[in-house]
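> Could you work out the structure for the sequence below:
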Amino acid sequence: MIVDFGIRHDSIMNLFYYLTKLMFCLFLIGYWQPVFGLVKGNAPNIAKLWESYLANDAWKSPIIKFPFERCFQSAAQTNDLPLSLLLAVARGESNFNPRARSNRNCHGLMQIRWPETANHLGIDRLAALYDPCTNIRAGARYLRELLDRYDGNLHRALAAYNYGPNRIPKQSNSANIPEGARWYSAYIYHHVKKIMHGAAITAGIAPLREAPVYMPTRRVAIITFSKPWRAAGFYQHLQTRAPGLKLDWYRIGTNRYQVVMLCSDHRALEHGKKVLRKLGLKIKAR
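Here you go, the predicted model:
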């Protein structure tokens with residue numbers, strides 16, 4: 001005798017899917033919460049890190065040739081800014097994509113907001129923001145203006161680049177900077193470290209061979225968070241658990257921060273997927 005309980009196969013599969021998703025969420029909450037709490041509770045003094053950067057590393061040259069290098073070099077020289085700083089902002093804002101556009105109506109390499117900030121910088125056509133050199137010049141000029149406004153305080157200037165100068169007071173008390181703006185400053189510092197990797201060794205020394213060219217690699221999403229400190233914590237912990245993988249994290253929209261794996265080819269992708277599976281993480285990239 002066959003008993004029909006009226007349960008359809010697709011209903012069972014849907015239930016299985018949601019239970020699996022729930023278990024994964026519980027895994028993240030339970031297993032990674034200590035990591036998140038550690039990172040949030042012991043966030044570095046980013047203002048001091050930027051002071052150290054300006055004192056020791058700002059005028060060192062990156063060892064990799066980046067896209068639109070001449071435009072970046074010209075803008076940095078004209079505005080008396082470190083080249084690595086401009087490159088870090090472009091890497092963090094758009095990953096050097098001149099066609100980038102955000103859901104906050106920010107455009108191009110340096111994510112210049114239209115029309116308010118663009119008009120302030122003398123740009124009256126939206127299309128002009130998609131010209132790489134024009135966009136880089138605008139971003140550099142804006143950073144110079146903000147640095148002058150905040151008496152050379154790079155942490156505060158970057159907070160204003162993200163939140164707007166009207167929302168960042170001139171006083172030096174970091175407690176009066178919104179949390180999101182503080183984390184944006186830390187986010188750009190993360191990217192300046194990536195830009196400056198190896199620069200301390202080669203700065204001021206003539207290269208023995210032509211500098212390698214920056215090659216954008218495929219970014220495979222691992223997980224997305226609504227808080228930057230969660231993404232930073234997850235990224236840091238994954239680095240210790242899987243030191244052989246190339247990892248990074250990016251802001252990909254308003255309140256969206258994505259931890260990614262960088263893959264140069266299919267072989268690297270498959271290897272990375274295998275490593276992540278052993279850590280209980282599954283990605284769908286092919």
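
> Wait, a helix at residue 224?
No: when the secondary structure is assigned by DSSP: H, G, I helix; E, B strand; the rest coil, residue 224 falls in strand instead of a helix.

> Which of the helices and strands in the chain ranks last by mean pLDDT?
The least trusted helix or strand in the chain, going by mean pLDDT, DSSP states H and E, turns out to be helix 9-41, with a mean of 48.

> Show me what the helix or strand just after that one is packed up against.
Using DSSP states H and E, the helix or strand that follows helix 9-41 in sequence is helix 46-52. The contact analysis (3 or more CB pairs under 8 Å, 6 or more residues apart in numbering; DSSP states H and E) places helix 46-52 against helix 154-163, helix 179-195. Quick note: C-beta positions are derived from backbone N, CA and C, even for glycine.

> what comes into contact with the first one?
Contacts with helix 154-163, where a contact means CB atoms under 8 Å, 6 or more residues apart in numbering, come from 46-47, 50-51, 53-54, 85, 89, 142-143, 146-147, 149-150, 167-168, 170, 172, 174, 177-178, 180-182, 184-185, 188.

> Now do that helix against helix 179-195, angle only.
Going by axes from the mean of the first three to the mean of the last three CA atoms, to 10 degrees, helix 154-163 is angled at 110 degrees with respect to helix 179-195.

> what's the distance between helix 154-163 and the middle of its chain?
Helix 154-163 sits 15 Å away from the centroid of its parent chain (CA atoms, centre = their mean, to the nearest Å).

> My guess is residue 140 contacts residue 85. True?
No: Residue 140 sits out of contact with residue 85 when judged by CB atoms under 8 Å, with a separation of 9.0 Å.

> anything in contact with each of the two?
When contacts are counted by CB under 8 Å, 6+ apart, residue 140 and residue 85 are jointly contacted by residue 76.

> Contact partners for residue 258?
Contacts of residue 258 were listed using CB under 8 Å, 6+ apart, and they are 221-225, 231, 249-252.

> An error on my part: the question was meant for residue 255.
Counting by CB under 8 Å, 6+ apart, residue 255 touches 226-227.

> Likewise for residue 127?
For residue 127, the contact set (CB under 8 Å, 6+ apart) is empty.

> next one: residue 93
For residue 93, counting by CB under 8 Å, 6+ apart, the contacting residues are 100, 106, 109-111, 251.

> One more pass at 10 Å, please.
Residue 93 makes contact with 100, 102, 106, 108-112, 139, 161-162, 187-188, 191, 250-251, according to CB atoms under 10 Å, 6 or more residues apart in numbering.

> If you rank the residues you listed by neighbours, which is first?
Scoring those on neighbours with other CB atoms under 10 Å, the highest-scoring entry is residue 109 at 31 neighbours.

> For this protein, give me the ranges with low pLDDT.
Scanning the chain for pLDDT under 70 picks out the ranges 1-43, 172-174, 198-211, 216.

> do that again at 50, thanks
With pLDDT under 50 as the threshold, the chain has low-confidence stretches at 1-5, 7, 17, 20-22, 24-39, 41-42, 201-209.

> Show me it divided up by domain.
What automatic domain parsing lists as the domains of the chain is 10-41+217-278, 46-202.

> so can I have TSV of these showing distance to residue 284?
Formatted as TSV, the entries for these read as follows, by distance: least, CB to CB, whole Å:
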stretch	distance to residue 284
domain 10-41+217-278	9
domain 46-202	21
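
> among the ones you listed, which is the most enclosed?
Mean neighbours per residue, mean count of other CB atoms under 10 Å, is largest over the domains of the chain for domain 46-202, with a mean of 18.

> just how off-centre is stretch 63-76 within its chain?
Here the centre of mass of C-alpha atoms in stretch 63-76, compared against the chain's by CA atoms, centre = their mean, lies 19 Å away.

> Then stretch 84-98?
Counting by CA atoms, centre = their mean, stretch 84-98 is centred 9 Å from the centre of its parent chain.

> mind listing what residue 112 touches?
When contacts are counted by CB under 10 Å, 6+ apart, residue 112 touches 93, 105-106, 118, 120-121, 123, 126, 128-129, 134-136, 138-139, 142.

> Nice, that's everything, thank you.
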